[in-house]
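Engineer: coordinates only, sequence not included:
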């Protein structure tokens, strides 16, 4: 047998070419320019900023999920993390990009958030919240979040176990507060203590689905017949299933608590998302984000087959987009279904830029035998 036949096929994939990364980056940038022009000429600046915020939130969450999973692997170890670590590191490399992509939102705060309007102080519900919800403090918190995430990403790359435990807690808290600032405050009269947890769970699903999809797509064809590769995909499928179940638990818990409380200021949020066609979106999400993946990932054969799990992971990424659309878009009162087209275009545009940077930073994994060698090429004891 040749040495290649003994090599783990999940260590022999190659990242997309620089040309692919450059094309994705350029296409995404052009699409964002088109979105801005369409918002300015066909819709309004408010509609553009709303669509841009939606697209930003999705890809920002994916970056955060990569940081969280890398820190989690530092704490737990395991072959599952070794196989997707290059993808997690590439995802962590987009945090600075996310900070740059956040900058346009700073110019649209007054067009996005009701609490930023001059008459907000006259609202008896908003007035007590303005000490927290105000533009200078909002921007200062955003800057602090990105600094914390960049530090956490540096710790995740180093693999420091003790520091990773604290960093993971900080990342979870920062993501929770950022989701409240950037998304929940779109409806400043409404609040949910589960809101941040939903974004954390969604980040884990998005990052794991993205990593599994890339690993399955880039793995050589012989991975489908290799037992070691099948074992890794089985572990990744189990983790993906676990994150889906956590997301579903948080989603249903929030719904059950608010609906059983039956308070008008809380139930209105769900009423807005259960009419005008949004009820069909959440039915689709319930079926294709939870029920179908749950049933498929219970099957050992599905999890061990790279081609099938690629379809499952890719479908979950689309469902993550629809779920976030259902959560965010109805907050844009008067946005209408015509604005949804701009939402999807902005998601694709920011996604093209994000994936371009992701692929640019993606490096092939070092063979496992090399990871266990010291500086002079001798195996560590």
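Structural biologist: Noted; the coordinates are in hand. Keep in mind the model is a prediction, meaning the values are calculated, not measured.

Engineer: helices or strands next to the strand or helix carrying residue 307 in the packing?
Structural biologist: For residue 307, the host element (DSSP states H and E) is helix 306-328. Applying 3 or more Cβ pairs under 8 Å, 6 or more residues apart in numbering; DSSP states H and E, one finds that helix 306-328 contacts helix 45-76, helix 195-218, helix 227-261, helix 278-285, helix 292-297, helix 300-303, helix 336-361. All C-beta atoms are positioned from the backbone trio N, CA, C, and that covers glycine.

Engineer: so for residue 330, which of the ones you listed sits nearest?
Structural biologist: helix 278-285 (5.9 Å; Cβ to Cβ).

Engineer: report all helices and strands that the closest one contacts.
Structural biologist: Counting contacts by 3+ Cβ pairs under 8 Å, 6+ apart, the secondary-structure elements packed against helix 278-285 are helix 306-328.

Engineer: relative to helix 45-76, how tilted is the helix it packs on?
Structural biologist: 130 degrees (axes from the mean of the first three to the mean of the last three Cα atoms, to 10 degrees).

Engineer: hmm, back to that, save the helices and strands packed on helix 306-328 as TSV, and put in mean pLDDT, mean neighbour count and distance to residue 127 too.
Structural biologist: Shown next, in TSV, are the helices and strands packed on helix 306-328 (pLDDT from 0 to 100; neighbours: other Cβ atoms under 10 Å; distance: least, Cβ to Cβ, whole Å):
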stretch	mean pLDDT	mean neighbour count	distance to residue 127
helix 45-76	97	24	24
helix 195-218	97	24	22
helix 227-261	95	18	24
helix 278-285	95	15	30
helix 292-297	97	17	44
helix 300-303	96	16	52
helix 336-361	93	20	30
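
Engineer: to residue 154, which of these lies closest?
Structural biologist: helix 45-76 (10.1 Å).

Engineer: could you check the angle helix 227-261 makes with that closest one?
Structural biologist: Going by the same axes, to 10 degrees, helix 45-76 makes 120 degrees with helix 227-261.

Engineer: buried residues, whichever helix or strand comes after helix 45-76. List them.
Structural biologist: The helix or strand immediately downstream of helix 45-76 is helix 79-92, counting by DSSP H and E. By 16 or more other Cβ atoms under 10 Å, the buried positions in helix 79-92 come out as 80-92.

Engineer: okay if I get those residues as JSON lines plus distance to residue 181 and pLDDT?
Structural biologist: As requested, the buried residues of helix 79-92 are arranged in JSON lines below (distance: Cβ to Cβ, whole Å; pLDDT from 0 to 100):
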{"residue": "80", "distance to residue 181": "32", "pLDDT": "90"}
{"residue": "81", "distance to residue 181": "30", "pLDDT": "92"}
{"residue": "82", "distance to residue 181": "35", "pLDDT": "92"}
{"residue": "83", "distance to residue 181": "34", "pLDDT": "93"}
{"residue": "84", "distance to residue 181": "29", "pLDDT": "96"}
{"residue": "85", "distance to residue 181": "30", "pLDDT": "95"}
{"residue": "86", "distance to residue 181": "31", "pLDDT": "96"}
{"residue": "87", "distance to residue 181": "28", "pLDDT": "97"}
{"residue": "88", "distance to residue 181": "25", "pLDDT": "97"}
{"residue": "89", "distance to residue 181": "27", "pLDDT": "97"}
{"residue": "90", "distance to residue 181": "26", "pLDDT": "97"}
{"residue": "91", "distance to residue 181": "22", "pLDDT": "98"}
{"residue": "92", "distance to residue 181": "22", "pLDDT": "97"}
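
Engineer: adding distance to residue 249, write the residues you listed out as CSV.
Structural biologist: As requested, these are exported to CSV (distance: Cβ to Cβ, whole Å):
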residue, distance to residue 249
80, 22
81, 23
82, 28
83, 27
84, 24
85, 27
86, 30
87, 26
88, 24
89, 29
90, 29
91, 24
92, 27
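
Engineer: the residue nearest to residue 142 when sequence neighbours are not counted and residue 132, how far apart?
Structural biologist: The shortest distance from residue 142 to any residue that is not its chain neighbour, by Cβ to Cβ, 6 or more residues apart in numbering, is 6.3 Å, and that residue is residue 102. When Cβ to Cβ, to the nearest Å is the yardstick, residue 102 and residue 132 sit 19 Å from each other.

Engineer: so where's the stretch 51-200 of the chain shaky on pLDDT?
Structural biologist: Scanning the stretch 51-200 of the chain for pLDDT under 70 picks out no residues.

Engineer: test my guess that residue 209 contacts residue 311.
Structural biologist: No. Under the criterion of Cβ atoms under 8 Å, residue 209 makes no contact with residue 311, lying 11.1 Å away.
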